[in-house]
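Student: curious how this folds, go ahead:
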Amino acid sequence: MSEKPSVYNTWVPDWCKAPLLAIAMFPHLMLMFMFSSNSSFTASILDIDSDDLQFMVSIMYAGIIIILLVSNRFFAFIPLRTYLLIMAGISSLILFALSITTNYGLVIPLRIFEGLFAMLEGAIFMPLLISEVKSKNSRLFAYFVMYTIMLIGGTLTSSFLKTAIMDYSYQEIFYLMMGLHISIMALTLFLFNGNRFFPKMPLYQLDWPSCLFLFVCLLGGAFVLVLGRRYYWFDSPYIVYAFFSSVLGGGLFLYRQMTIRRKIFHFEIFKFRQVRFGVLLFVLFYIVKTGVSNIYTVMTVVWQWPWEFVIDMQYFYVVGAVLGVVGSGILLIREFSNKMIFAIGFLVIGISCFWISRVLTTDVTVVSIGLPLCLQGFGHGWIFTPIVMYIINGLPTHLVSNAALAATATRFWTTNIGYSIATNVNFMLLQKNYNVLQSHIDAAIPKVFFEVSSLMRTYMTKYDFDIAHRLTINKLNRDVYNQSLLMSNMQLFQIYMCVAFLGCFFVLLNVSNKNYIKKFKFKFGFYR
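Tutor: Below is the predicted model of the structure:
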């Protein structure tokens, strides 16, 4: 049998292929974080709030899930080089369209298409990278690269776009991203020839109705979870319609996959215990993971740190995440027990949540908040990829892509559920704490009287009595709000701590004696 023709140009040295492919994965993943690089800046430009920004992220991710169902057919339909040039070109055009409009009604569909074509552009680098890593652990390496970028991509994207944001040039953000995608086109011309990477397959007989049903399900679910509080949940017809459209879309998708011959998703993967167990761990993991954004909110609102300094603080998390990824990767390669890795990861996350809950005070230093933030990043990096690898390893070949899709869909739902829990629980705790603290403000209390008198004296050096009194009341209310926000986040991280420890306990309950003993069986040295 003749050897399969190489897709690489003859002048490309072997040593640079894998690094360039890993770098090429970054631009399309950056698109997920582009609108959240500076939420205040983006919200002011588009005249929206944080819930709208999260919804924009969710609908893009919904597009990614949909295209994962059919991406392999697109990969095989067009020769590799032509395919990448088309997808990167379309992504650049979408970015250009986003650069010339701030109309939220137009941005929403553009974000959907951005998710579709970003996925089509970026996902093909995974099988390419796996094929270039000449190791038994090539798939593990490729997944670690991708999920590391996903963990730290938000911070890297924010740093990359910092100059454009500081210049308050909305268009420059998209021009920079367009430049990255044009560089992917240049990299494509340098690396690849006209040969095919996959055998040619036609695009007909794709189950587009199922894709539509699933997208309706995802879109409606994201609307309910992210925007439910704004519309007072089921008191609003919008939430009712979105909920029933989500249920109807999901039901039609399930029914169609159960009845048609050419399925695009095989629900039989849930017959495997490792898939069920892994999905449950993903649910617990992502509920806790969403809490890290609350720390950055406190830095901005309560401590009033400049947003560019908050970005720099996020590198504590980045360092921890990278260390966690490397640490768990070494243990996986040496065949350490998966479940013990999970238990250690949840334990570390729980400890970091407890630590954070103790340092959320009005008087905080960079190191005092940076160290637990680093530990939280370590826990996230430690546990993220091992869960995915646990889900897909050992499955029949034809079900691996479906298992990966199930993990991705779980990430979509749990991210939105986690966001909903964080915003709603934090809101309720904030209101409760604010009312309690307000009830204790009494001028008859010496400490309160001293504070009011001090503020009045300060303001009356510049203003008359009425303005000074108003400024004093505003300052007291702001201090009460900030203290309430700190208290609510302390309580929220205590809840996250309990969830993380529950995950650790749940994993340990499911560790057999065989797996427990296996953790001591290291195979020193890397497989080649």
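Student: use CA for all of it now, contacts and neighbours both
Tutor: Fine.
Student: and the strands in the stretch 251-400 of the chain?
Tutor: With DSSP state E, counting those that start in this stretch as the criterion, the stretch 251-400 of the chain has no strands.
Student: low-confidence ranges in it?
Tutor: Low-confidence segments of the stretch 251-400 of the chain (pLDDT under 70): 394.
Student: residue 250 and residue 261, how far apart?
Tutor: Taking C-alpha to C-alpha, to the nearest Å as the measure, residue 250 and residue 261 are separated by 19 Å.
Student: should've said residue 28
Tutor: Separation of residue 28 from residue 261 (C-alpha to C-alpha): 33 Å.
Student: skipping adjacent residues, who's closest to residue 181 in space?
Tutor: Excluding its sequence neighbours, the residue lying closest to residue 181 (C-alpha to C-alpha, 6 or more residues apart in numbering) is residue 88, at 5.7 Å.
Student: and the one you found, what element?
Tutor: Per DSSP states H and E, residue 88 falls inside helix 80-99.
Student: quick one on the thing from earlier: okay, residue 250 and residue 261: which has more neighbours?
Tutor: Per other C-alpha atoms under 10 Å, whichever of residue 250 and residue 261 has more neighbours is residue 250, with 21 against 8.
Student: quick check, pLDDT for the more buried one.
Tutor: Here, the pLDDT recorded for residue 250 equals 89.
Student: doesn't it lie inside a helix?
Tutor: Yes - Residue 250: assigned to a helix according to DSSP: H, G, I helix; E, B strand; the rest coil.
Student: now it, nearest residue through space, not along the chain?
Tutor: Using C-alpha to C-alpha, 6+ apart and skipping residues adjacent in sequence, the residue nearest residue 250 is residue 217, 5.1 Å away.
Student: before we move on, the earlier item: report all helices and strands that the helix or strand following the helix holding residue 88 contacts.
Tutor: Heading C-terminal from helix 80-99, the first helix or strand you meet, by DSSP H and E, is helix 104-122. Counting contacts by 3 or more C-alpha pairs under 8 Å, 6 or more residues apart in numbering; DSSP states H and E, helix 104-122 packs against helix 26-33, helix 50-77, helix 80-99.
Student: show me what the shortest one is packed against.
Tutor: Where contact means 3+ C-alpha pairs under 8 Å, 6+ apart, helix 26-33 is packed against helix 50-77, helix 104-122, helix 138-160, helix 170-191.
Student: can you tell me what sits against the third one?
Tutor: Contact with helix 138-160 is made by 22, 25-26, 29-30, 33-34, 36-38, 126, 129-133, 311, 314-315, 318, 321-322, 325, 329, 381, 384-385, 389, as judged by C-alpha atoms under 8 Å, 6 or more residues apart in numbering.
Student: leaving aside the residues adjacent along the chain, what's closest to residue 288?
Tutor: residue 496 (5.4 Å).
Student: show the pLDDT at residue 499.
Tutor: With respect to pLDDT, residue 499 has a value of 90.
Student: I should have written residue 428 there, sorry.
Tutor: pLDDT, read off for residue 428, is 85.
Student: where exactly do the helices run in the stretch 351-500 of the chain?
Tutor: 366-392, 397-439, 446-460, 465-509 (DSSP state H, counting those that start in this stretch).
Student: of the ones you listed, which is nearest residue 60?
Tutor: Set against residue 60 and scored by C-alpha to C-alpha, the helices of the stretch 351-500 of the chain come closest in helix 397-439, at 10.2 Å.
Student: so how far is stretch 98-113 from its chain's centroid?
Tutor: Using C-alpha atoms, centre = their mean, to the nearest Å, the mean C-alpha position of stretch 98-113 is found 21 Å from that of the whole chain.
Student: and that stretch, what's buried?
Tutor: 98, 99, 107, 108, 110, 111, 112, 113 (16 or more other C-alpha atoms under 10 Å).
Student: returning to what we had before: closest one to residue 279 among the helices of the stretch 351-500 of the chain?
Tutor: Nearest of these (C-alpha to C-alpha): helix 397-439, 6.4 Å.
Student: tell me what that closest one is packed against?
Tutor: Applying 3+ C-alpha pairs under 8 Å, 6+ apart, one finds that helix 397-439 makes contact with helix 50-77, helix 208-227, helix 273-289, helix 366-392, helix 465-509.
Student: quick check, residue 199 in a helix?
Tutor: No - assessed with three-state DSSP, residue 199 is coil; it does not lie in a helix.
Student: for it, which non-adjacent residue is closest in space?
Tutor: Leaving aside its chain neighbours, residue 199 sits nearest to residue 76 (5.9 Å; criterion: C-alpha to C-alpha, 6+ apart).
Student: what is the burial count for that neighbour?
Tutor: Count around residue 76 with other C-alpha under 10 Å applied: 18.
Student: cool, and residue 484?
Tutor: For residue 484, the count of nearby residues is 23 (other C-alpha under 10 Å).
Student: for residue 302, same thing?
Tutor: Per other C-alpha under 10 Å, the neighbour tally for residue 302 reads 20.
Student: that one: what's it in contact with?
Tutor: For residue 302, the contact set (C-alpha under 8 Å, 6+ apart) comprises 362, 482, 483, 485, 486.
Student: next, the contact list for residue 494, please.
Tutor: Applying C-alpha under 8 Å, 6+ apart, we find residue 494 in contact with 353, 354, 357.
Student: mind putting those into CSV with distance to residue 120 and neighbour count?
Tutor: Compiled in CSV, those are given as follows (distance: C-alpha to C-alpha, whole Å; neighbours: other C-alpha atoms under 10 Å):
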residue, distance to residue 120, neighbour count
353, 36, 28
354, 40, 20
357, 41, 23
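Student: of the helices and strands packed on helix 26-33, which approaches residue 437 most closely?
Tutor: helix 50-77 (26.2 Å).
Student: thinking again about what came up before, residues contacting the residue nearest to residue 199?
Tutor: When contacts are counted by C-alpha under 8 Å, 6+ apart, residue 76 touches 196, 197, 198, 199, 200, 201, 202.
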